[in-house]
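*Asks:* Here's a sequence, model it:
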Amino acid sequence: MSAYPVTPERSAARRPGTLTTAIVITVLTAIASIVNGLIIATGGSDLIKDILADSGLPPEALTDANLESAVQIAGYSSLDDFESTFAMRGYMALVAGVLLVVFALLMRKAATWARALVTVSALAAFAFAGIIVADETTTTMAMLSLVTILGAVLSIIFTWLPANGRYAKAAA
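*Replies:* I've put the predicted structure just below:
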């Protein structure tokens, strides 16, 4: 007789497809956010010209000499103000994307803390993408922002499906 009670061995829990789907969606969302952030943060004057051209300003108004006044017509105090606004939006989207990818990879065991951090990061990516798409934007920036918004919603939904919680309990 053993001094310790005999307990049946736990079989290794198999990762549910919902968790794998959540991780894939979250990583793809992060990639969209990172690419969008890089485009915006590094776009500079060329990005400003594209945005103003998409808003209907004639090409002759978008020369380097006229760009300062074109930006003021668009409602910004200066070209530097406009560029710094967009650079900051790009950095925010970039950071949210990096956090999403890090926490998605940490979510492989479906730990509650990792799923909570994915949710917070997805909400940040959603908010920053919403800010980008709601203001002056190019078609590429708008599409990447919409992919980020959709992906953020889906990643939150798939992250909290019941099968993932059961897997987290079994894997703990």
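*Asks:* tell me what the worst-scoring helix or strand of the chain on mean pLDDT is packed against?
*Replies:* Every helix and strand in the chain was compared by mean pLDDT, DSSP states H and E; the lowest is helix 67-73, with a mean of 83. Applying 3 or more CB pairs under 8 Å, 6 or more residues apart in numbering; DSSP states H and E, one finds that helix 67-73 contacts helix 17-54, helix 79-106. Heads up, the C-betas are built off the backbone N, CA and C, glycines and all.
*Asks:* With mean pLDDT as added columns, please give those in a markdown table.
*Replies:* Shown next, in a markdown table, are those (pLDDT from 0 to 100):
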| stretch | mean pLDDT |
| --- | --- |
| helix 17-54 | 93 |
| helix 79-106 | 94 |
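*Asks:* Mean neighbour count added to these, as CSV?
*Replies:* As requested, these are exported to CSV (neighbours: other CB atoms under 10 Å):
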stretch, mean neighbour count
helix 17-54, 20
helix 79-106, 19
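*Asks:* do you know which of those lies nearest residue 157?
*Replies:* Among these, the nearest to residue 157 by CB to CB is helix 17-54 (8.4 Å).
*Asks:* and the closest one, what does it pack onto?
*Replies:* When contacts are defined as 3+ CB pairs under 8 Å, 6+ apart, helix 17-54 sits against helix 67-73, helix 79-106, helix 112-134, helix 139-159, helix 162-171.
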